[in-house]
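1. take a look and give me a structure for this.
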Amino acid sequence: VVAMAPMGKKSSPKVSQSPTEQLLGLLSSSANLPDDLSELSTSLYSIRSFMASSSTSTGVDFSDMPYSGALSSSSSSSSAGSLAASLASALDTFVASLILNLRNVGGGTDDDDDSGDGEENPNGLEQRAGGGGGGDDDDAVLQAYAEKKTREEKLSKLVSLTNLLRECAAMAHAWTLEMLSPESAPAKSASAASQERQACTSLFNASRRMHDLLLALAQEAATSAANEHDEQGELANAQASLADDVARLCEAWFAFHVAPDAHATNTSTRNAGRRAAQDVLDACGIVVAELTTQCLPFLLIRALCGGRPTDVKRAFAMRDSLTVLDFDDEESIAMTKELLLRCSVSASFLRSNEGRKFLSHVMLVDVEMMKEVYACVKAQIPNASSAELGWYGDVMFRAWRTSSGADLLTLESWVFGDLLDCAVLTADVKVAAKALQVLDAALHKHKLASSGIGKAVDETLHRLYEPVVFGSATAANASVRLNACRVMVSSFPLRVLDDADADAQILQQQLHAMAKLMADGCPQVRAEACRGCARMLEKFWELLPARVVGVLVGRIADDLSADAASPLVRSAALEGLKVLLGQPLAHAVLGRAIGSVGVALGDASRGVRRACVDLVVAARQIRGMPDIATDVQLLESLATDPDEHVRRKVGELLRTQLLRPDKLSDLLRRQPGAAVELLRGIGFDAARELLLDEVGEDVVVKVDGSVEAWLRKDAPQAQPLSC
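-> Numbering: from 1, shown residues only. This next block holds a predicted model:
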């Protein structure tokens, strides 16, 4: 082992050899590991730190070095290539030795440590205990001491071996980036190219050896964390860090294999770098897919357990590794498939944009995998939140947008077709509404998208919905008709883009179906059709024929707002009219149609009265809109309505108009109950001052009790004062 500079310093080593030659000597001489592993780890770290340091402080030229400036510029190309090949081979051998020792040391269990009776006590406690007469108690103490020392030595050696492997993983990672980097790829002779291939192959073999430990390391880190003998968590932390370093090494290899080089600065260099790296890998016969069988499951486990966005992004960067997995081999793919299915319903993946992209890629890897992912999602729909339903729909939309051929047919028939059946045929209306939310996020909200997405969505909706929706709108079951009405409104309008006649025909068919649903025998269906028709008119007013628009508005304002059979329908009609007020083009038609709905202020249903007063308030905020209810109707409602919501809304509407010197006295004589409600709305002090100023103290004292009692909410409203 050569002497190196202290750790962390960037001064040149005090030896005549180059850093690479020192590293080669260190690795070669350490094939048989010494007893003092900490000194070896320190030396290895020192060399690696110096090789990765800046050349400006050392005067060493790093322009022609196979690993972060490992070779000095004085070395010839042939000797540099030979040294790089030897170094990579030594690294591979050293990693193999470390792994073998790690398995031998870690192979024993705590039960093995119990067999320490024959071990020599380093402190000579056995000899002193022999003559003490302590008997069995002394033997037990000595045995426990020996077992503790054995465990400590074993733990220390495991930590040292693990740290050495971490140094090797970091070295291999940096060397991989340097070797496959496109920034400096000068022409090489045949011998130099051959030596480079040898170095690359040896480096990949070392990486593969560490990759094969990945899942075992993750499991051992979790076990060590629960080990009472590792009180400081030193071994658990070292194993977890080693697993992460090895995973990053595998990601570096795979990134050069499937993705443009992230270190390049422009597109041409990036493409050339990818081709150059791929040529090197192909020439070496390296199959980078061998580094994904454990790396991808490891990243999925980290993302599922930790839930950090960075872990999800790392899994997304490895998404193309899914294509090299054999999903037909149930035995080998079982664990990875289970992890992918858990990811499909994990909030860590769903809330992340990269996570949803990854899940959409998972759906297209295999047809059976798509079906299993959808089955997991479908099971979550009844209890999912609105945000989760939107995320599920976004995953399906991304998968649909990038799919083609058999994948597209399966996605539309198996996934979207089944979701449509759930949204229409499910007996539970709430579950059907949640399935519709997924369809809204997956397809319906993209109908108006630019480019070709909107057109493709229209074609898909027409192909899937036409055979189902119109037949379900006339089904015998009221729940099916209700669900079909919701689906029809949410997907309106279904279109045939390539045929104008067919497009006009299907539009007429939808409007006719909605008109029939507004006359349905079930009150719930009529109410839903009324709300849905109002939303359709508000959004697509210009698209629909004027005659049809007039008929539909008249049906809502005249017929459904006065539906004697159900207050639910009357309330829905008034809510629909309020929605239509949001369409400026509808104001002229509404001005002629809603003049008679003010009578709903006296309706027996509280919901109808609330909907009516909300409509009155909204209409009075629009200039030129005629009054829906007269002041007399509003004052009567203010004085007699038992619902506080209605009284408050009417009071807010009339307060600025009637609480004036020329209005209050007359209001007190004609509608004393309404006057009381208005005065209560402005507070006791303001009401008393206003009364004293307007009607005089001689009138106030005639109030039954006092002004305070008169204005209290529990005071009787009949005969509040005498004038």
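2. check which element follows the helix of greatest length in the chain along the chain.
-> Counting residues, the longest helix in the chain under DSSP state H turns out to be helix 136-179. Moving toward the C-terminus from helix 136-179, the next helix or strand (DSSP states H and E) is helix 190-211.
3. got the buried residues for the next helix or strand along the chain from that next one?
-> Sequence-wise, the next helix or strand downstream of helix 190-211 (DSSP H and E) is helix 214-225. Across helix 214-225, burial judged by 16 or more other C-beta atoms under 10 Å covers 214-215, 217-218, 220-221, 224. Placement of C-beta: from N, CA and C, glycine included.
4. just stretch 621-641 next, same as before
-> Of the residues in stretch 621-641, those buried (16+ other C-beta under 10 Å) are 625, 628-629, 633-639, 641.
5. identify the farthest-apart pair in those.
-> Maximum pairwise distance in those, criterion C-beta to C-beta, is 25.3 Å, between Met625 and Ala639.
6. could you check how far the residue lying closest to Lys157 once chain neighbours are set aside is from Val159?
-> Setting aside the residues directly before and after it, Lys157 is nearest to Val105 in space (C-beta to C-beta, 6 or more residues apart in numbering), at 5.3 Å. Val105 sits 10 Å away from Val159, going by C-beta to C-beta, to the nearest Å.
7. which of these two has more residues huddled nearby?
-> More neighbours surround Val159 than the other of Val105 and Val159, with 22 against 15 (other C-beta atoms under 10 Å).
8. what sits against the more buried one?
-> Applying C-beta atoms under 8 Å, 6 or more residues apart in numbering to Val159 gives the contacts 234-235, 238.
9. which members of those residues occur in helices, if any?
-> In helices, judged by DSSP H, the following of the contacts of Val159 are found: 234-235, 238.
10. make CSV from those and add distance to Ala502, pLDDT and neighbour count to it.
-> Formatted as CSV, those follow (distance: C-beta to C-beta, whole Å; pLDDT from 0 to 100; neighbours: other C-beta atoms under 10 Å):
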residue, distance to Ala502, pLDDT, neighbour count
Glu234, 74, 80, 16
Leu235, 72, 81, 23
Ala238, 69, 86, 22
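11. contacts only, for Ala221.
-> Ala221 sits in contact with 236, 239-240, 243, where contact means C-beta under 8 Å, 6+ apart.
12. return the member of those residues nearest to Val415.
-> Proximity of the contacts of Ala221 to Val415 (C-beta to C-beta) peaks at Ala243, which lies at 35.9 Å.
13. where does that closest one land in three-state SS?
-> Of the three states, Ala243 takes helix according to DSSP: H, G, I helix; E, B strand; the rest coil.
14. can I assume it is in contact with Ala222?
-> No: under the criterion of C-beta atoms under 8 Å, Ala243 is not in contact with Ala222, lying 10.3 Å apart.
15. what do the two both touch?
-> Common neighbours of Ala243 and Ala222 (C-beta under 8 Å, 6+ apart) do not exist.
16. quick one: Val367 and Leu409 touch, right?
-> No: using C-beta under 8 Å, Val367 is not in contact with Leu409, being 9.6 Å away.
17. compare those two and say which one has the larger neighbour count.
-> Val367 (16 against 12).
18. re earlier: which ones are touching the residue nearest to Lys157?
-> Counted by C-beta under 8 Å, 6+ apart, Val105 has contacts 154, 157-158, 161.
19. what strand or helix carries it?
-> Assigned by DSSP H and E, Val105 belongs to helix 77-106.
20. residues of that helix that come out buried?
-> 80-95, 97-99, 101-102, 106.
21. stretch 392-411 now?
-> Across stretch 392-411, burial judged by 16+ other C-beta under 10 Å covers 392-400, 403, 407-408, 410-411.
22. could you report the pLDDT at Leu537?
-> Note on Leu537: pLDDT of 93.
23. from what I can see it touches Leu581, true?
-> No: counting by C-beta under 8 Å, Leu537 stays clear of Leu581, with 11.3 Å between them.
24. higher neighbour count, the two?
-> Per other C-beta under 10 Å, whichever of Leu537 and Leu581 has more neighbours is Leu537, with 24 against 19.
25. which residues touch the helix or strand the more buried one falls within?
-> Using DSSP H and E, Leu537 maps to helix 523-539. With C-beta under 8 Å, 6+ apart as the test, helix 523-539 has contacts from 478, 481-482, 485-486, 488-489, 492, 514, 517-520, 544, 549, 552-553, 556, 560, 563, 565-566, 568-569, 571-573, 575-577, 579-580, 582-583, 586.
26. for Gly307, give me its contacts.
-> By C-beta under 8 Å, 6+ apart, the residues touching Gly307 are 346-348.
27. and it, its phi and psi?
-> phi 70, psi 20 (degrees, to the nearest 10).
28. quick check: Ala222 vs Ala240, distance?
-> Applying C-beta to C-beta to Ala222 and Ala240 gives a distance of 9 Å.
29. hey, what's in contact with both of those two?
-> Applying C-beta under 8 Å, 6+ apart, one finds that no residue jointly contacts Ala222 and Ala240.
30. pLDDT weak spots in the chain?
-> For the chain, applying pLDDT under 70 flags the ranges 1-81, 106-136, 181-190, 192, 225-232, 257-280, 282-283, 656-671, 675, 678-723.
31. Asp501 - how many residues pack around it?
-> By other C-beta under 10 Å, 8 other residues sit near Asp501.
32. would you mark the buried spots in the host helix or strand of it?
-> Element membership for Asp501 (DSSP H and E) is helix 500-518. Under the neighbour-count criterion of 16+ other C-beta under 10 Å, helix 500-518 has 503, 506-507, 510-511, 513-514, 517-518 buried.
33. so what secondary structure elements neighbour that helix?
-> Judged by 3 or more C-beta pairs under 8 Å, 6 or more residues apart in numbering; DSSP states H and E, the packing partners of helix 500-518 are helix 453-472, helix 478-491, helix 523-539, helix 546-554.
34. any chance of those in CSV, plus distance to Thr176?
-> Shown next, in CSV, are the helices and strands packed on helix 500-518 (distance: least, C-beta to C-beta, whole Å):
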stretch, distance to Thr176
helix 453-472, 40
helix 478-491, 51
helix 523-539, 56
helix 546-554, 67
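35. among those, which comes closest to Cys168?
-> Going by C-beta to C-beta, the one of the helices and strands packed on helix 500-518 nearest Cys168 is helix 453-472, 48.9 Å.
36. mind listing what's buried along that closest one?
-> Neighbour-count burial for helix 453-472 flags 457-458, 460-462, 464-465, 468-470, 472 (criterion: 16+ other C-beta under 10 Å).
37. send the alpha carbons of it over as PDB?
-> This file holds the C-alpha atoms of helix 453-472, laid out as PDB (Å, rounded to 0.1, in the frame of the first residue of the first chain):
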ATOM      1  CA  ILE A 453     -55.800  15.500 -30.000                       C
ATOM      2  CA  GLY A 454     -59.300  17.000 -30.000                       C
ATOM      3  CA  LYS A 455     -60.100  15.300 -33.300                       C
ATOM      4  CA  ALA A 456     -58.800  12.000 -32.100                       C
ATOM      5  CA  VAL A 457     -60.900  12.300 -28.900                       C
ATOM      6  CA  ASP A 458     -64.000  13.100 -30.900                       C
ATOM      7  CA  GLU A 459     -63.500  10.000 -33.100                       C
ATOM      8  CA  THR A 460     -62.900   7.800 -30.000                       C
ATOM      9  CA  LEU A 461     -66.000   9.100 -28.200                       C
ATOM     10  CA  HIS A 462     -68.300   8.600 -31.200                       C
ATOM     11  CA  ARG A 463     -67.000   5.100 -31.700                       C
ATOM     12  CA  LEU A 464     -67.400   4.100 -28.100                       C
ATOM     13  CA  TYR A 465     -70.400   6.100 -26.900                       C
ATOM     14  CA  GLU A 466     -72.900   6.000 -29.700                       C
ATOM     15  CA  PRO A 467     -73.800   2.300 -29.300                       C
ATOM     16  CA  VAL A 468     -74.200   2.700 -25.500                       C
ATOM     17  CA  VAL A 469     -75.500   6.100 -24.500                       C
ATOM     18  CA  PHE A 470     -78.600   6.500 -26.700                       C
ATOM     19  CA  GLY A 471     -79.900   3.100 -25.800                       C
ATOM     20  CA  SER A 472     -79.300   3.600 -22.100                       C
END
